[in-house]
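# With the input below, show me the fold.
(2 chains)
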2 protein chains.
Amino acid sequence: MNKLAKFLRALESYHITDGEKFTLAQHNPDDDGSLGLSKEDGAHLLREVKEQLQDLQELLYANQTRSVLIILQGMDAAGKDGTIKHVMSGVNPQGVTVASFKQPGPTELQHGFLWRIHAAAPQVGRIVIFNRSQYEDVLVTRVHPELLENEHLTGPVNTPEFWEGRYKDIRHLEHYLARQGTVVLKFFLNISRKEQRERLLSRLEVPEKRWKFSSSDLREREYWDQYQTAYQDAIAATARPYAPWVIVPANHKWYARLVVIGTIIRALRNLQQKPPQPAPDVEKCLDDYRTHLLNEKS
Amino acid sequence: MNKLAKFLRALESYHITDGEKFTLAQHNPDDDGSLGLSKEDGAHLLREVKEQLQDLQELLYANQTRSVLIILQGMDAAGKDGTIKHVMSGVNPQGVTVASFKQPGPTELQHGFLWRIHAAAPQVGRIVIFNRSQYEDVLVTRVHPELLENEHLTGPVNTPEFWEGRYKDIRHLEHYLARQGTVVLKFFLNISRKEQRERLLSRLEVPEKRWKFSSSDLREREYWDQYQTAYQDAIAATARPYAPWVIVPANHKWYARLVVIGTIIRALRNLQQKPPQPAPDVEKCLDDYRTHLLNEKS
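Numbering: from 1, shown residues only, chains lettered A, B, ... in the order given. Have a look, this model is predicted:
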């Protein structure tokens, strides 16, 4: 068995399809798959599988029957932007859209929290990547419930029933998307608190990285444990066979990227798509059309 | 008890909140409430309650906490357009939007059937009226399943599980909207087959009404029984306390309009909204502001 096949098989262990059995603390951010791969091997493998991703994306686009929604979540500096850059560059941008969900603005706050999310859901044949997502509404607002005051809500908020309602609404939207033919893949880029410290420090120390640093990163870091709890609860409540979570060991960037791209490739392969047949009228007249074009006066 | 109070109480019998017990055939399209009202009394009452609707809508708009989604469904010539015109005219259009859902176009067909629906859901403080709605996707496509070929669907379609999936998706969206503070009211304008014949005939005979006639109205009329079954099933599957159906006896237009406006008024009254308090900083300085404005140099 070659390295790639072995690697793809190993991905299984990161898939969570039954949230009830999920414990975040059991997932090791330092895991590198124990495949004996070096950072350089990893970079080589990434180049190799990127070509496969390009081919599979073309089939997705050509067939116009399925679509893919990729959700990226993680703490600050977990590598969301880098993952998008390194995994999706090279894929035809006509078939891929990235939607970044920042703090909701006034118009968005006038609607339910899923309004902007549903609007950005992929059309057939496309891959859409959510850089942050509907999960922020059960993560950042869970850790900072005072943010709920910006939303025009009615009834009791920040109660167990309130959060259970949001988890349910998220599950239902994802189930609907899956029924419509969208493959929903949710990635949690799992870094350790120590690794985040290193990365934030390097943002300060390397002048070209400084623009990425924000003082709010340090403020949010104080809430590390609360965020871990919020992630634990959100993943447990929303990991389902129709919308699995993938817990990506993300302390090693090269490995995290491989896990993400490998998961996407596996999911696309499972669709078993082939180049679509030409339209019946084209099929019937292949020779006629060829003759017509060859005899065309220049 | 005055006529209005008596009338509002009688509306109860048209509300379906538990679909399992629903039988469309038990609802009489000729019902006029047996309140001894003439057509003229009805028109008078409509003018009276319209003023109440205007006041209640202003409170909804001012409070910015709740919203209302009104869904209008019915066979051709059941009175959807007329109901919107006669019930909602006079209400401040800044607070009311009508969204008409015609046959989906190419862009809409590239997304799931609820994409355009969710996008049109009301923002806080607003009333949105759906002239036809997500229910077309379990009515017209149920009666003409060949239309499903236009959608980019995957897996088996037009099976009992397929329709159950759509009912579920619709219930879930409505439940989410309700949780967000939207009052969801769904009206089925229930006319008899005979009454539809009269109305279509009059569209042909009265020159000013001819533009409303379409040959497809006659074609769809052939499917009357299939539509009744589709409505029965859709209403049974989606009438819930958080999103009730109101079966409006619609052979008498004047009565249908009263039932619709009465139901909306009852729902708005139940919100028990009051004029909001001025912002605390305004409240504190009422006298200062008054003095300031009075002393302003002209």
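
# mind checking the SS state of A:Gly125?
For A:Gly125, the assignment made with DSSP: H, G, I helix; E, B strand; the rest coil gives coil.

# Return the set of residues that bridge with A:Ser100.
A:Asn131 (DSSP bridges).

# Wait, it touches A:Arg132, no?
Yes: with contact defined as CB atoms under 8 Å, A:Ser100 reaches A:Arg132; the gap is 6.6 Å. Where you see a C-beta, it was placed from the backbone N, CA and C, and this is true even at glycine.

# Look at these two and report which has more neighbours.
A:Arg132 (18 against 14; other CB atoms under 10 Å in any protein chain shown).

# Wait, A:Leu139 touches A:Ala230, no?
Yes: assessed by CB under 8 Å, A:Leu139 is found in contact with A:Ala230 at 4.8 Å.

# Around chain B, pick out the residues from the stretch 1-150 of chain A.
Applying CB under 8 Å from any CB of the partner chain, one finds that the stretch 1-150 of chain A approaches chain B through A:64-66, A:107, A:110-115, A:118-119, A:121, A:123-125.

# Could you find which two of the residues you listed are furthest from each other?
A:Thr65 and A:Gln110 (34.9 Å; CB to CB).

# just so I have it, where are all the strands in the stretch 51-200 of chain A?
A:67-74, A:96-100, A:127-131, A:182-190 (DSSP state E, counting those that start in this stretch).

# tell me which strands and helices the second one is in contact with?
Spelled out, that is strand A:96-100. helix A:80-88, strand A:127-131 (3 or more CB pairs under 8 Å, 6 or more residues apart in numbering or on different chains; DSSP states H and E).

# How about residues contacting the first one?
Contacting residues not belonging to helix A:80-88 are listed as A:46, A:50, A:53, A:72-74, A:96, A:98, A:127, A:129, A:131-132, A:187, A:189, A:253, A:256-257, A:260-261, A:264 [CB atoms under 8 Å, 6 or more residues apart in numbering or on different chains].

# go on, the last one?
With CB under 8 Å, 6+ apart as the test, strand A:127-131 has contacts from A:57, A:60, A:67-72, A:80-81, A:84, A:88, A:91, A:95-101, A:117, A:120-122.

# Would you mind writing the CA trace of that strand as PDB?
Provided in PDB are the C-alpha atoms of strand A:127-131 (Å, rounded to 0.1, in the frame of the first residue of the first chain):
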ATOM      1  CA  ILE A 127     -17.400  24.200  -3.300                       C
ATOM      2  CA  VAL A 128     -18.000  26.800  -0.700                       C
ATOM      3  CA  ILE A 129     -15.700  27.300   2.200                       C
ATOM      4  CA  PHE A 130     -17.000  29.000   5.400                       C
ATOM      5  CA  ASN A 131     -14.100  30.800   7.200                       C
END
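
# Spell out which parts of the stretch 151-298 of chain A neighbour chain B.
So far as CB under 8 Å from any CB goes, the stretch 151-298 of chain A lies against chain B at A:152-155, A:165, A:168-169, A:172-173, A:175-177, A:179-182.

# Could you tell me which of those count as buried?
Among these, those scoring as buried are A:152-154, A:165, A:168-169, A:172-173, A:175-177, A:179-182 (criterion: 16 or more other CB atoms under 10 Å in any protein chain shown).

# hmm, which two among these are most spread apart?
A:Thr154 and A:Gly181 (34.2 Å).

# So A:Val286 versus chain B, what's the distance?
Careful, residue A:286 is Leu and not Val. 25 Å (CB to the nearest CB, to the nearest Å).

# Please name the nearest non-neighbouring residue to that residue.
A:Pro278 (7.9 Å; CB to CB, 6 or more residues apart in numbering or on different chains).

# State the number of residues packed around that neighbour.
With other CB under 10 Å as criterion, A:Pro278 counts 11.

# which element is the closest residue in space to A:Val49 that isn't next to it in sequence on?
Closest residue to A:Val49 apart from its sequence neighbours, by CB to CB, 6+ apart: A:Ile261 at 5.4 Å. Per DSSP states H and E: A:Ile261 is located in helix A:253-270.

# what does that helix contact?
Contacts of helix A:253-270 (CB under 8 Å, 6+ apart): A:7-8, A:11, A:14-15, A:31-33, A:37, A:39, A:42-43, A:45-46, A:49-50, A:52-53, A:56-57, A:59-60, A:68, A:70, A:79, A:82-83, A:86-87, A:183, A:185, A:187, A:189, A:246, A:248-250.

# mean confidence for that helix?
What helix A:253-270 shows for mean pLDDT is 96.

# Stretch A:28-46 now?
For stretch A:28-46, the per-residue pLDDT averages 91.

# Same check on stretch A:128-141?
On average, stretch A:128-141 scores 97.

# does A:Ser202 really touch A:Lys209, like I thought?
Yes: between A:Ser202 and A:Lys209 there is a contact at 6.3 Å, judged by CB under 8 Å.

# Enumerate every residue touching A:Asp288.
No contacts exist for A:Asp288 under CB under 8 Å, 6+ apart.

# And it, how far from A:Lys297?
17 Å (CB to CB, to the nearest Å).

# Likewise for A:Ala267?
49 Å.

# which one of those two has more residues nearby?
Using other CB under 10 Å as the criterion, A:Ala267 and A:Lys297 rank with A:Ala267 on top: 18 against 3.

# Now for A:Tyr176: which residues touch it?
B:Gly112, B:Leu114, B:Asp169, B:His172, B:Leu173.

# which one is the last one nearest to, not counting chain neighbours?
Leaving aside its chain neighbours, B:Leu173 sits nearest to B:Leu114 (5.7 Å; criterion: CB to CB, 6+ apart).

# Phi, psi for that neighbour please.
For B:Leu114, the backbone dihedrals are phi -100, psi 0 (criterion: degrees, to the nearest 10).

# ok, it touching B:Gln134?
Yes: assessed by CB under 8 Å, B:Leu114 is found in contact with B:Gln134 at 6.0 Å.

# So which bits of the helix or strand containing A:Leu204 are buried?
Here A:Leu204, judged by DSSP H and E, is contained in helix A:193-205. For helix A:193-205, the neighbour count (16+ other CB under 10 Å) marks A:Glu195, A:Gln196, A:Arg199, A:Leu200, A:Arg203 as buried.
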